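**Q** Next comes the sequence, and after it the predicted model I'd like to discuss.
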Amino acid sequence: MTGALLAAVGELPPESTQQAVGYPSLFLLVALGALVPVVPTGAIVSSAAVVAFHQASPFSLLVVFLLASAAAFLGDLALYWLGQRGVRSRNGSRRLAALRARVTADRLAQAQERLDTHQVSVLVLSRLVPAGRVPVMLACLLARMPLRRFARGDAAACLAWAAAYQLIGILGGSLFPEPWQGVVAAVGLTVLISAAPAAWRRLRGAGRRGDGERPGGLRHEDA
C-alpha cells in the first residue's frame, strides 16, 4: 500500500492523502494477491492496519478491515470461477494448471480428505494457515463444489483472515511510537508466519530422509 511504503521511510503524507491513495491501493493489492497468489497480502493488510492505528479517525481500522476482507473475497471468487472454467473444459485452463503446479499430491490429498468431513471449517482455516488457501481451493474445484457454496464458506474465511492480520498490525502499531517502526515489525512477523510452515516441512523431510539411512550411507532397504 502506498501509505504503508511511505510510512516505512518516515515520510507519511497528510491523513487525507493517505486515505485517498492508500484505501484504493489496499483494495487493489489484496484483490490482486487473492487472484495471483504471489503478492504478500497479509503483510499489506498488517501494514495498512499500522498506519490506520496511528491516524486520528476512529473509523480507519474499520475501513481497512472491510476493504481487506471484501477484496480478498472478490479475488477468491474470481480465481474460483476461473478454476471452474478449467474443470469444465476438456483442455483445462492455464489458471487451473497454475493452481495444480503450486500444490503437491500429498497436500492435495490432505485437503480433499478434510474437505469431505469439514467443508466450511476447512475453508476458514485454509485462509488462516499460511499456504493453505490454494490446496483447499483446488480440492473444492476438483470436488466440483458450486460457486455459491464456496462463497458462503469463503466469506467467513476472508473475515477471519482480515481480522487476524489486522490484529498483527494493531500489535505492531501499539508497541512502537512511530508508524514506520510498527510497519517493519508487522511485515517481519507476517513474513515469519508465512515462512514457518515451509521451513517445518523441509525439516520434517530432512528428518525422514535421515531416518531412512544407516551409518555408512546404507538405507534400511539396502541392509
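**A** Structure received.
**Q** can we go C-alpha only for contacts and neighbour counts from here?
**A** OK.
**Q** Quickly note the distance from the closest residue to L79 other than its chain neighbours to G75.
**A** In space, and not counting its chain neighbours, L79 is closest to L35: 5.3 Å by Cα to Cα, 6 or more residues apart in numbering. As defined by Cα to Cα, to the nearest Å, L35 lies at a distance of 5 Å from G75.
**Q** And the helices in the protein, which stretches?
**A** With DSSP state H as the criterion, the chain has helices at 2-8, 15-35, 41-53, 60-88, 94-101, 105-117, 119-128, 133-142, 147-175, 179-211.
**Q** Output the below-cut-off pLDDT ranges for the protein.
**A** 1-21, 56, 90-93, 119, 176-177, 179-180, 193-223 (pLDDT under 70).
**Q** Quick one: the helices of the chain as a markdown table, columns for mean neighbour count too.
**A** Listed next are the helices of the chain as a markdown table, based on neighbours: other Cα atoms under 10 Å:
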| stretch | mean neighbour count |
| --- | --- |
| helix 2-8 | 21 |
| helix 15-35 | 19 |
| helix 41-53 | 29 |
| helix 60-88 | 20 |
| helix 94-101 | 15 |
| helix 105-117 | 15 |
| helix 119-128 | 20 |
| helix 133-142 | 22 |
| helix 147-175 | 20 |
| helix 179-211 | 16 |
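**Q** thinking the residue nearest to L79 is in contact with W81, fair?
**A** No: using Cα atoms under 8 Å, L35 is not in contact with W81; the gap is 10.6 Å.
**Q** Brilliant, that's me finished.
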